[in-house]
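I would like to see how this sequence folds:
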Amino acid sequence: MQITEAQVRAIVEEVLREISASRGPSPAVVGRDGVFDTVDEAVDAAKEAQRRLVELTLEKRREIIEALRKVGVEYAEDFSQRTWEETGMGKVRDKITKHLLAARLTPGIEDLGTQAWSGDHGLTTVEMAPTE
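Prediction:
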């Protein structure tokens, strides 16, 4: 499955349109606290998403992360303003800074690469290993 920047952008724009169009009470106010009805459903979906993610190549994961980063930077101000409007907490400028830092500095696949050092006393490698 190939996810392009254009697809991520289209999804974000659709969600933002729906939010703008509704401008009614938030889902939490009308009795729904999130996307899933139960915590178990959310956990199951997260496990399935993780299973699918690790099946992708590192290059595909890099593309996905870069697309998410671009959208995060592009919409940082809008996300921050909407968050402040919904919660009334904090300062919009601080929220923008937080969104930009998260989009730009949250580690991606760069933490998954193999590292190796060699010298007079041998070789040391650090490499990702399967977790199961």
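
leaving aside the residues next to it on the chain, what's closest to the residue sitting nearest the centre point of the chain?
Ranked by distance to the mean C-alpha position of the chain (C-alpha atoms, centre = their mean), the top residue is residue 68 at 6.4 Å. Across the structure, with C-beta to C-beta, 6 or more residues apart in numbering as the measure, the residue nearest residue 68 apart from its sequence neighbours is residue 8 (6.2 Å). Bear in mind the C-beta positions are built from the backbone N, C-alpha and C, glycine included.

pLDDT on the host helix or strand of that neighbour, on average?
Secondary structure assignment for residue 8, by DSSP states H and E: helix 5-22. In this model, helix 5-22 carries a mean pLDDT of 73.

try stretch 101-118
If you average the pLDDT over stretch 101-118, you get 88.

ok, and for it, which residues are buried?
Buried positions in stretch 101-118, judged by neighbour count with 16 or more other C-beta atoms under 10 Å: 103, 109.

How far does that stretch stretch from one end to the other?
End-to-end distance for stretch 101-118: 34 Å, by C-alpha to C-alpha, to the nearest Å.

Same question for stretch 104-111.
End-to-end span of stretch 104-111 (C-alpha to C-alpha): 14 Å.
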